[in-house]
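Chemist: Here is my input, please return the structure:
(chains A, B, C and D)
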There are 2 protein chains.
Amino acid sequence: MAGVSTATVTRALSSPEVVRPATRERVREVAASLGYHPNRAARGLITGRTGNLGLLVPDLANPFFPSIVKGVQGRAHEADHAVFLADTDEDPAAEAGLVRKLAKQVDGMVLCSPRMAEAELRELAAEVPTVLVYRRIPGVPSVTAEFLDGMRQAVSHLVALSHKKIAYVAGPRSSWANRERVRSLRAVTRKSEVELTEFGNVAPQFHGGVSVADSVLASNVTAVIAYNDLVALGLLHRFAARGVSVPGDISVLGFDDIPLAEMVHPALTTVALPKEEAGQAGVDLLLDRKPAVRRELPTQLMVRGSTGPAR
Amino acid sequence: MAGVSTATVTRALSSPEVVRPATRERVREVAASLGYHPNRAARGLITGRTGNLGLLVPDLANPFFPSIVKGVQGRAHEADHAVFLADTDEDPAAEAGLVRKLAKQVDGMVLCSPRMAEAELRELAAEVPTVLVYRRIPGVPSVTAEFLDGMRQAVSHLVALSHKKIAYVAGPRSSWANRERVRSLRAVTRKSEVELTEFGNVAPQFHGGVSVADSVLASNVTAVIAYNDLVALGLLHRFAARGVSVPGDISVLGFDDIPLAEMVHPALTTVALPKEEAGQAGVDLLLDRKPAVRRELPTQLMVRGSTGPAR
DNA sequence: ATGATCACTGTAAACCTTTTCATCAACCGA
DNA sequence: TCGGTTGATGAAAAGGTTTACAGTGATCAT
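Modeler: Purely as a prediction, here's the structure:
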């Protein structure tokens, strides 16, 4: 319709500088009037790139992940990429299969807190360009957060409030994030006067917190740091049910800063982890194709109502 | 490698019955040993089908949507389809663009609570096979819930608790779901002794509930039904801050049944809407290609701590 | 032995782009 | 005037699969 060959059309649309302005405009107008959009599948066939990204999350129902997905999604669209989403329902066995299935139609995968074993993860990373978010293994690009610094902020806050005995409610033993938190917490408390008691491991969910709340109360701690906000909310819930005052009787501190954290009463003091930013950074790493980069994003203690002076 | 043509390979893999068993097995073994998987893009080029689905949600940060996404995702994978996810960030203007961008690489789109105008929606539905979830317009397949019945359950519950004056906090005027709820509520209360006062419209979020809480208190209602759970949680939060007892002084009822609803204290009584089921039903409608089917899923009142006898 | 039928398999076209290479005209400097 | 550049364009190949059609050989009935 524009009186040119398909070659010129493709050039007018994807490398505008190489075609004469008059021709270019003519082609573009005709294309627009026809509602023509290049077929991405056909393009991918020859370029080898699909313009698609894959995103794997363990469980979208966990409020920590939707924000990350938003970050990935947003940045990907800015870069004109579409996003395949796969939710593994916390099944480590399903992860590799899903990744491989998607692998052929994506330029790269963002693996969010993958639960699978390190060896398998490394294999996958060799097959598809991969970026890990909230997991770190040597040689694979990853985005994580400064857990150590976050923990330092949390403990300083409690120390400033005169807490001497604090508890940590541990998440799943197999979780990389939990291992990191334990490690950071031990490192931080070792240098201070604080006495640390560890509970768990519990499921990283509301009911995990509920189930361990009474044990925590029975110990003589004045503050408790939970593996994550959901567990902290479970603690708060059970404490409220038992008539225990927060922060009067005990201070509660979470990790993640999910949206619910400021919706409950008292609002939850928590260490905010970057979520959208982590998703965005993951996409950046993937598209930049830098070799094995590692990014650590800052964390931020959000002081709210659930922490107060030690009783 | 199997000593056959590509045509036989493709047949051995996708229409096994038409090729001689011995050949079929040979081909399959070689394929497996080579780690061969058909290239979906190339296949899509000729079959016209991609094996992909598109899913559009207004805002993944709204806890109502992740469950729907899980439903879509799960059912799609069962049917061997991958899912593109697009989050519009509540921007109605962005919706059409995203749909069109994805349209070429999907067999169909699931549009979740789309905010765009009906006319535009109808145009899109003509371009791509489309299923609406939590929105209904004539002629387009859709999945919704029995709002009327849900409202009836809610009001009956309040009536049984002797409430005579109840409030409704309305969501966005432009929201289809809000219009449906108002309509249902009016229909239900008209037949009963209950006096209805309407507040709003507020943003369908936590702060929306917070901001309208004092007005609700100032009226003389003994119960309030919120547009959705987030708004209800905002009400609860503000009530707690003002020392108002729930359900002692006022009963609060939400809509949706998001996970947070049972995590707060008191836990929120709410009308549960099907979420995962809705997502699954959406995919089913899309893949079955029935003409313009309309499915209405049941709703269920979840009685929890936030409702009690009228004071 | 011949022709028809059948089950299976191969050939080649088609899907829609992008990209390499070639072509062509216009322009430049000598 | 001419060889060399340059810029714009077209022709054709390539990418991996599916499918309509044609072909092959075996089996069977005549």
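
Chemist: Run through the helices of the stretch 1-150 of chain A in chain order.
Modeler: With DSSP state H, counting those that start in this stretch, the ranges of helices along the stretch 1-150 of chain A come out as A:6-14, A:21-34, A:40-47, A:64-78, A:92-103, A:118-127, A:147-160.

Chemist: Rebuild those helices as CSV, extending it with mean pLDDT and mean neighbour count.
Modeler: The way it works is simple: take the backbone N, C-alpha and C, and place the C-beta from them, glycine included. Shown next, in CSV, are the helices of the stretch 1-150 of chain A (pLDDT from 0 to 100; neighbours: other C-beta atoms under 10 Å in any protein chain shown):
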stretch, mean pLDDT, mean neighbour count
helix A:6-14, 90, 15
helix A:21-34, 89, 14
helix A:40-47, 88, 16
helix A:64-78, 95, 23
helix A:92-103, 88, 17
helix A:118-127, 91, 15
helix A:147-160, 96, 20
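
Chemist: Make TSV from those helices and add distance to residue B:11 to it.
Modeler: TSV is the format used below for those (distance: least, C-beta to C-beta, whole Å):
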stretch	distance to residue B:11
helix A:6-14	32
helix A:21-34	36
helix A:40-47	21
helix A:64-78	37
helix A:92-103	22
helix A:118-127	27
helix A:147-160	54
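
Chemist: between those, which one is nearest to residue B:189?
Modeler: Of all these, it is helix A:64-78 that lies closest to residue B:189, at 35.2 Å by C-beta to C-beta.

Chemist: So is that closest one next to chain B?
Modeler: Yes - shown here: helix A:64-78 in contact with chain B (C-beta under 8 Å from any C-beta of the partner chain) through A:65, A:66, A:67, A:69, A:70, A:73, A:74, A:77.

Chemist: out of those residues, which touch DNA strand C?
Modeler: When contact is defined as C-beta under 7 Å from any atom of the strand, the residues of helix A:64-78 next to chain B do not meet DNA strand C at all.

Chemist: Name the nearest of these relative to residue A:19.
Modeler: residue A:77 (27.0 Å).

Chemist: Can you report how many residues lie near residue A:268?
Modeler: Residues lying near residue A:268 (other C-beta atoms under 10 Å in any protein chain shown) number 28.

Chemist: Surely it and residue A:251 touch.
Modeler: No - using C-beta atoms under 8 Å, residue A:268 makes no contact with residue A:251, being 10.6 Å away.

Chemist: and for the two, which residues touch both?
Modeler: In terms of C-beta atoms under 8 Å, 6 or more residues apart in numbering or on different chains, residue A:268 and residue A:251 are both contacted by the residues residue A:306.

Chemist: and chain A, what are its domains?
Modeler: Taking automatic domain parsing as the reference, chain A has its domains at A:6-38, A:50-145+A:276-297, A:147-275.

Chemist: Go through the ones you listed and name the closest to DNA strand D.
Modeler: When these are compared for distance to DNA strand D using C-beta to the nearest atom of the strand, the nearest one is domain A:6-38, at 3.4 Å.

Chemist: wait, does that closest one contact DNA strand D?
Modeler: Yes - using C-beta under 7 Å from any atom of the strand, we find that domain A:6-38 touches DNA strand D at A:6, A:7, A:8, A:11, A:18, A:19, A:20, A:22, A:23, A:24.

Chemist: Likewise for stretch A:40-51?
Modeler: Yes - contact check for stretch A:40-51 against DNA strand D, using C-beta under 7 Å from any atom of the strand: residues in range are A:42, A:45, A:46.

Chemist: quick check, nearest of the residues of helix A:64-78 next to chain B to DNA strand C?
Modeler: For the residues of helix A:64-78 next to chain B, the nearest to DNA strand C is residue A:77 (18.4 Å; C-beta to the nearest atom of the strand).

Chemist: Contact partners for the closest residue to DNA strand C within the stretch 151-300 of chain A?
Modeler: Closest residue of the stretch 151-300 of chain A to DNA strand C, C-beta to the nearest atom of the strand: residue A:289 (16.3 Å). Residue A:289 sits next to residue A:129 when contact means C-beta under 8 Å, 6+ apart.

Chemist: For it, report the pLDDT, please.
Modeler: Per-residue pLDDT puts residue A:289 at 71.

Chemist: List phi and psi for it.
Modeler: The phi/psi pair for residue A:289 (degrees, to the nearest 10) reads phi 60, psi 20.

Chemist: Please identify which pair of the residues of helix A:64-78 next to chain B lies farthest apart.
Modeler: Distances among those were taken as C-beta to C-beta; the most separated pair is A:65 and A:77, at 18.2 Å.

Chemist: where along chain A do the strands fall?
Modeler: With strands called from DSSP state E, chain A shows them at A:52-57, A:82-87, A:108-112, A:130-133, A:142-145, A:165-169, A:195-199, A:223-226, A:251-256, A:269-272, A:294-297, A:300-302.
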